[in-house]
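>>> no sequence for this one, just the structure:
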């Protein structure tokens, strides 16, 4: 009876490394992850209340960063930053994360 309420394990998890490359293996160096199941959920690491910047001053503090759920547009901006290192994309992604 309880089995009908348990989710099926048909979800896929992809991790995004600091270079913007996708990996199916969980690693401590991952900056973001995508969980694909019935719906797609995006997570990005945050450190000190801001998006984690693997190319900035806190790049050695990836172990202290925590995953937080974000929307698809913010994820795309962050992924663009990881691939191109354009700071304006990181800034736009951070601004989308501000809770008003």
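Now that the structure is in, tell me what you want to look at. All figures in this text were calculated on a predicted structure; none of them were measured in a lab. Numbering: from 1, shown residues only.

>>> the nearest residue to residue 77 once chain neighbours are set aside in helix, strand or coil?
Leaving aside its sequence neighbours, residue 77 sits nearest to residue 93 (C-beta to C-beta, 6 or more residues apart in numbering; 3.8 Å). To be clear about C-beta, it is placed using only N, CA and C from the backbone, and glycine gets the same treatment. Judged by DSSP: H, G, I helix; E, B strand; the rest coil, the three-state class of residue 93 is helix.

>>> wait, residue 93 sits on residue 78?
Yes: distance between residue 93 and residue 78: 4.5 Å, which falls inside the contact criterion (C-beta atoms under 8 Å).

>>> quick one on the thing from earlier: and the residue nearest to residue 77, what is it in contact with?
Counting by C-beta atoms under 8 Å, 6 or more residues apart in numbering, residue 93 touches 44, 51, 74, 77, 78, 81.

>>> quick check: end-to-end length of stretch 60-79?
End-to-end span of stretch 60-79 (C-alpha to C-alpha, to the nearest Å): 19 Å.

>>> buried residues in it?
62, 65, 70, 74, 75, 77, 78, 79 (16 or more other C-beta atoms under 10 Å).
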